[in-house]
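1. Fold the following, please.
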Amino acid sequence: MTTDLPGLGPTVDLDAEPSMPEKRPLRGGTRLSRHRLYLRRFLRSKGAVAGLVILGLLVLFALLGGLFTPYSYSDVDFASLGAPPSPEHVFGTNNAGNDTFAQAVHGLQRSLIIAVSVSLLTTIISAFVGAVAAYFGGTTERAVLRIVHFLMVVPSFLILALISQKAGGDWRVLIVVLTVFGWMYNARVVWALATSLREREYVMAARFMGVGPVRIVLRHLIPNIGSLLVVTFTIGVVATVQGETALSFIGFGVQPPDVSLGTMLSDGAQTVSSAPWLFYVPAVLVTLLTVSMALIGDGLRDALDPTSRAGGGA
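-> Prediction:
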């Protein structure tokens, strides 16, 4: 049924259903919860499912790969220096006699820890800072945005290189530094979205009822941009892997005796013609990791976006 509401302009369909209900009726009279709807839309994306399978295999390789080799990443086999792949050393050895398979397992572990930690921390910081700036507005908003804009123009790569070099390539210091200089852009995106939410009815009602600002930010603003934060986290993992790999590749990231995929790429690039396995093994792992997370991010974006047709219907 339609009716013309005075002063509101166009005709309004009073019987129309909302574009994204929390529960949708299915055949047989049953209802589908929002989370099950998101899961169904995600699983309908073949690329997202493929990315999830690839990521699962990589995680299993990082966790259980050490069980399939008697060597540690730091063990040296002086009888096999720069040896090609063989039954004893499946992926060969480097010029120092380290087993490439064991180093690939440890390097993937280290890169995953750094990427997930940095992406999670930057997502949390950006969500809170952006939502707080949007909620308070005024002087607080201007001060936060000035800090964000200042940090965005700081030559972060040079600072990252200097600090990580001074720290001797400690991966924990690398996590801290990448987090400190990695949250600003996402915080500005969160702020832009949260400014449209701070005047919503549920936020105004919470203010009227005397709910504290921090509670409103944590219970009302941030949960309503959860879909953005999930996609931001997955994309952040890809960006962190690439950043850590680049830093380690040029000697400013993880340093020996520790190993990451970036350090393996750096070593393999020097012997790519004489010992190509040293380069292609970490290169394949980095490619699979970044591609899988990108596919998962695309699938989550389509599943969580009610206007996207890529995820299909219920």
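2. Residue 50 versus residue 57, what's the distance?
-> Distance, residue 57 to residue 50, using C-beta to C-beta, to the nearest Å: 11 Å. No exception for glycine: its C-beta is placed from N, CA and C like everyone else's.
3. typed the wrong thing, it's residue 210
-> Relative to residue 50, and taking C-beta to C-beta, residue 210 is found at 50 Å.
4. what do you get for residue 88?
-> 33 Å.
5. Then residue 268?
-> Taking C-beta to C-beta, one finds residue 268 at 27 Å from residue 50.
6. More neighbours: which of these two?
-> Shown here are residue 268 and residue 50; by other C-beta atoms under 10 Å, residue 268 has more neighbours (21 against 15).
7. before we move on, what SS does the more buried one have?
-> Three-state call for residue 268 (DSSP: H, G, I helix; E, B strand; the rest coil): helix.
8. That one: what's it in contact with?
-> 275-283 (C-beta atoms under 8 Å, 6 or more residues apart in numbering).
9. For residue 74, give me phi and psi.
-> Dihedral pair for residue 74: phi -100, psi 0, per degrees, to the nearest 10.
10. doesn't residue 258 make contact with it?
-> No: using C-beta atoms under 8 Å, residue 74 is not in contact with residue 258; the gap is 9.0 Å.
11. out of these two, which sits in the busier spot?
-> residue 258 (18 against 15).
12. Now do the same for the more buried one: helix, strand or coil?
-> Classified using three-state DSSP, residue 258 is coil.
13. Please list all residues in contact with it.
-> Contacts of residue 258 (C-beta under 8 Å, 6+ apart): 110, 169, 171.
14. Now do the closest residue to the second one other than its chain neighbours against residue 103, distance only.
-> Right, residue 169. Excluding the flanking residues, the one nearest residue 169 by C-beta to C-beta, 6 or more residues apart in numbering is residue 255, at 2.5 Å. The spacing between residue 255 and residue 103, counted by C-beta to C-beta, is 14 Å.
15. now residue 295
-> 27 Å.
16. now residue 152
-> Residue 152 sits 36 Å away from residue 103, going by C-beta to C-beta.
17. the more surrounded of these two?
-> residue 103 (28 against 13).
18. Tally up the residues packed near the closest residue in space to the more buried one that isn't next to it in sequence, please.
-> Spatial nearest neighbour of residue 103, chain neighbours left out: residue 73 (4.6 Å); criterion: C-beta to C-beta, 6+ apart. Residue 73: 22 surrounding residues under other C-beta under 10 Å.
19. Now do the same for residue 73: helix, strand or coil?
-> Per three-state DSSP, residue 73 ends up coil.
20. wait, what's in contact with it?
-> So residue 73 contacts 98-99, 102-103, 105-107, 259 (C-beta under 8 Å, 6+ apart).
21. For it, give me phi and psi.
-> phi -70, psi -20.
22. pLDDT score for it?
-> In the predicted model, residue 73 carries a pLDDT score of 88.
23. before we move on, what about residue 219?
-> At residue 219, the predicted lDDT confidence score is 83.
24. Next up, the contacts around it.
-> 206, 211.
25. and the helix or strand encompassing residue 147, what's its mean pLDDT?
-> Assessed by DSSP states H and E, residue 147 sits inside helix 138-153. Average pLDDT, helix 138-153: 89.
26. right, and the helix or strand after it?
-> Following helix 138-153 in sequence, per DSSP H and E, is helix 156-166.
27. Pull out the buried residues from that next one.
-> Along helix 156-166, these residues count as buried under the neighbour rule (16 or more other C-beta atoms under 10 Å): 156, 160-161, 163-164.
28. Rebuild the residues you listed as TSV, extending it with distance to residue 84 and pLDDT.
-> Below are the buried residues of helix 156-166 laid out as TSV (distance: C-beta to C-beta, whole Å; pLDDT from 0 to 100):
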residue	distance to residue 84	pLDDT
156	40	77
160	36	78
161	34	75
163	38	80
164	33	74
